[in-house]
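# Model the structure of this input:
(one chain, ligands or ions: 1)
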Amino acid sequence: MTFNSIQIFLERIAPLAGITPQELLELQTPARELTAQLHVHGKTYPAYRVQFSNARGPFKGGIRFHPEVELDEVKSLAFWMGIKTAVADVPFGGGKGGVTVDPKILSREELQELSRAYVKAFYQHLGPTKDIPAPDVYTTPQIMAWMLDEYETLMHQSTPGFITGKPLELGGSKIRDIATALGGVYVLEEAMKKLNLREKTAVVQGFGNAGMNAAKLLAEHGFKVIAVCDSKGAIYNKEGLDISELINVKEKTDMVTSYKNAQQITSAELLALPCTVLVPAALSGAITKDNADVVNAKIVLELANGPTTPQADELLHGRTILVLPDILANSGGVTVSYFEWVQNNMGYYWTDAEVREKLKDKMVTAFGNLWPEYEKGPHDFRTVAYVHAIKKIVGAQRLRSG
Ligand code: GLU
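From the prediction side, this is the model:
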């Protein structure tokens, strides 16, 4: 989503948060917009890091490697991180990074060099008390490991809290790999209780880290996952897909459409399937004004960042489809990143069960903080979440400068 459309949305809802025009302007203005050109094996890749408001704590957010990365989008994503950390109630500001590259065509050596070059370009502005990166689209625990190693080499010290989403052996947290999807499932279960929904069918759009784990966890939590898609195609079986088999197939062939026991459908047909929950878990802009009318779910659980455009949001709200917005629904990722950073800072590590319990507690609390306001009406859930977050960010800033 363009940064400009976020500004328009913010201007519309700012009065609900009771902030002054000057405070709105500060909220909309990044603290830093860093750009660099990374040179790897004779090629040049544009790279970015954007930071928004550290009033509540150091900047925090992932780094994506994707051919469509551009500064304006990184700005939007960094801004959302600031809102998301406030909604999730973890003590961070907003940050996001990106490199314009197709990592799928790089060799392992090139990928490692690119990851190290990113840290060399920005390390002075990064660190456990400044700005803490993490994985995002197409970046992995291995990439976090190379970045950590580069940072520690440059700084001449052990600093595991520099980055989150690391492999467990280097100070990663239990369940960080599934945290985005698991946090989403916890929020979804709360919403279903409130709406009294008993039928459990799911459609998952996207089959990367968030989408694949969502399909797996939804199946484990008693959902029938009837359709999924990846960038190469979509599959559907109204009796439900066998998710472990599907994951095997995806890992072997890199295409969900290689799964046999289902019919191939188009991605437009996938969005229109009747279901309890539709889970957009790919890139932004999946649900737009042109296809929002066909959505036939009771709930949209946004595991991707920005999958629903503002106009689509209005259309869905008008049809009483509950959109659980990205800034809440996918905040399990940054929440367990927070737990990882805490564990790194204290040098003591929690068990799988402890992290799960803490994540559930955070997600249920975050949902519970917003639901009563949403229930009162007339605003959609995203607006309610934004207003809650903006009050917290501006409130923290007022304590510093007011
Ligand atoms: N990239 C993830 C997000 O968009 C996680 C960020 C983090 O863990 O810092 O929320």
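# ok, how many other residues are close to E251?
Number of residues near E251 (other Cβ atoms under 10 Å) recorded here: 9. (Each C-beta comes from the backbone N, C-alpha and C, glycine too.)
# State the helix or strand in which it lies.
helix 243-253 (DSSP states H and E).
# and that helix, what does it pack onto?
helix 209-220, strand 224-230 (3 or more Cβ pairs under 8 Å, 6 or more residues apart in numbering; DSSP states H and E).
# Same list (those) but as a markdown table, adding mean pLDDT, distance to the ligand and mean neighbour count.
Output for the helices and strands packed on helix 243-253, formatted as a markdown table (pLDDT from 0 to 100; distance: least, Cβ to the nearest ligand atom, whole Å; neighbours: other Cβ atoms under 10 Å):
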| stretch | mean pLDDT | distance to the ligand | mean neighbour count |
| --- | --- | --- | --- |
| helix 209-220 | 96 | 9 | 23 |
| strand 224-230 | 97 | 19 | 24 |
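# now the ones you listed in a markdown table, with distance to G377?
Listed next are these as a markdown table, based on distance: least, Cβ to Cβ, whole Å:
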| stretch | distance to G377 |
| --- | --- |
| helix 209-220 | 29 |
| strand 224-230 | 31 |
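# Endpoints of stretch 304-319, how far apart?
22 Å (Cα to Cα, to the nearest Å).
# So which residues make contact with it?
Residues outside stretch 304-319 that contact it (Cβ atoms under 8 Å, 6 or more residues apart in numbering): 1, 5, 8-9, 76-77, 80, 205-206, 210, 280-289, 291-293, 295, 300, 302, 323, 325-326, 330, 380, 382.
# Out of the residues you listed, which end up buried?
For the contacts of stretch 304-319, a burial check counting by 16 or more other Cβ atoms under 10 Å picks out 1, 9, 76-77, 80, 205-206, 210, 280-284, 286-287, 292, 295, 300, 302, 323, 325-326, 330, 380, 382.
# Of those residues, which belong to helices?
9, 76-77, 80, 210, 326, 382 (DSSP state H).
# Grab the nearest non-local neighbour of the residue of the stretch 151-300 of the chain found nearest the ligand.
For the stretch 151-300 of the chain and the ligand, the shortest gap (Cβ to the nearest ligand atom) falls at T164, measuring 5.3 Å. Once flanking residues are discounted, T164 sits nearest to S337: 3.7 Å by Cβ to Cβ, 6 or more residues apart in numbering.
# Kindly report the same for R400.
Nearest to R400 is A55, by Cβ to Cβ, 6+ apart, at 6.1 Å.
# show me what contacts the one you found?
93, 393, 396-397, 400.
# Just to check, N345 is in contact with T159?
No: between N345 and T159 there is no contact under Cβ atoms under 8 Å: 10.4 Å.
# if we can go back for a sec, please save the CA atoms from the helix holding E251 in PDB.
The C-alpha coordinates for helix 243-253 follow below in PDB (Å, rounded to 0.1, in the frame of the first residue of the first chain):
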ATOM      1  CA  ILE A 243      -2.000 -30.600   5.200                       C
ATOM      2  CA  SER A 244       1.000 -32.800   6.100                       C
ATOM      3  CA  GLU A 245       0.800 -34.400   2.700                       C
ATOM      4  CA  LEU A 246       0.500 -30.900   1.100                       C
ATOM      5  CA  ILE A 247       3.500 -29.600   3.000                       C
ATOM      6  CA  ASN A 248       5.600 -32.600   1.800                       C
ATOM      7  CA  VAL A 249       4.500 -31.900  -1.800                       C
ATOM      8  CA  LYS A 250       5.300 -28.200  -1.500                       C
ATOM      9  CA  GLU A 251       8.700 -28.900   0.000                       C
ATOM     10  CA  LYS A 252       9.600 -31.300  -2.800                       C
ATOM     11  CA  THR A 253       8.200 -29.500  -5.800                       C
END
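# and the angle from that helix to helix 209-220?
On the basis of axes from the mean of the first three to the mean of the last three Cα atoms, to 10 degrees, helix 243-253 is oriented at 150 degrees to helix 209-220.
# in helix 243-253, what counts as buried?
Going by neighbour count (16+ other Cβ under 10 Å), the buried part of helix 243-253 is 243, 246-247, 249-250.
# mean confidence for it?
Mean pLDDT, computed over helix 243-253, is 97.
# What lies in contact with it?
Identification of contacts with helix 243-253 by Cβ under 8 Å, 6+ apart yields 207, 212, 215-216, 219, 225, 228, 230, 255-256, 258-259, 261.
# For the protein, list the residues in contact with the ligand, please.
60-62, 134, 136, 164, 305, 330, 333-334, 337 (Cβ under 6 Å from any ligand atom).
# Show me which of those has the smallest pLDDT value.
Note: of the residues of the chain next to the ligand, the lowest pLDDT belongs to N305, at 92.
# give the contact list for the residue of the stretch 251-400 of the chain found nearest the ligand.
Residue nearest to the ligand within the stretch 251-400 of the chain: S337 (3.2 Å; Cβ to the nearest ligand atom). Counting by Cβ under 8 Å, 6+ apart, S337 touches 60, 132, 134, 164-165, 173, 176, 179.
# Of these, which pair is most distant in space?
I132 and A179 (15.1 Å; Cβ to Cβ).
# Between those two, which is the more surrounded one?
Under the neighbour definition other Cβ under 10 Å, I132 and A179 were set side by side, and A179 has more, 30 against 26.
# I figured that one hits Y338, correct?
No: the criterion here is Cβ under 8 Å, and A179 misses it with Y338 at 10.1 Å.
# for this protein, what spans make up the strands?
Using DSSP state E, the strands assigned to the chain run over residues 32-40, 43-52, 59-60, 63-66, 93-100, 131-132, 201-205, 224-230, 233-236, 263-265, 275-280, 297-301, 322-324.
# right, and L217 touches V185 too?
Yes: contact between L217 and V185 holds when scored by Cβ under 8 Å: they sit 5.0 Å apart.
# any idea how far the closest residue to K200 other than its chain neighbours lies from G240?
Nearest residue to K200, sequence neighbours excluded (Cβ to Cβ, 6+ apart): F223, at 4.4 Å. When Cβ to Cβ, to the nearest Å is the yardstick, F223 and G240 sit 8 Å from each other.
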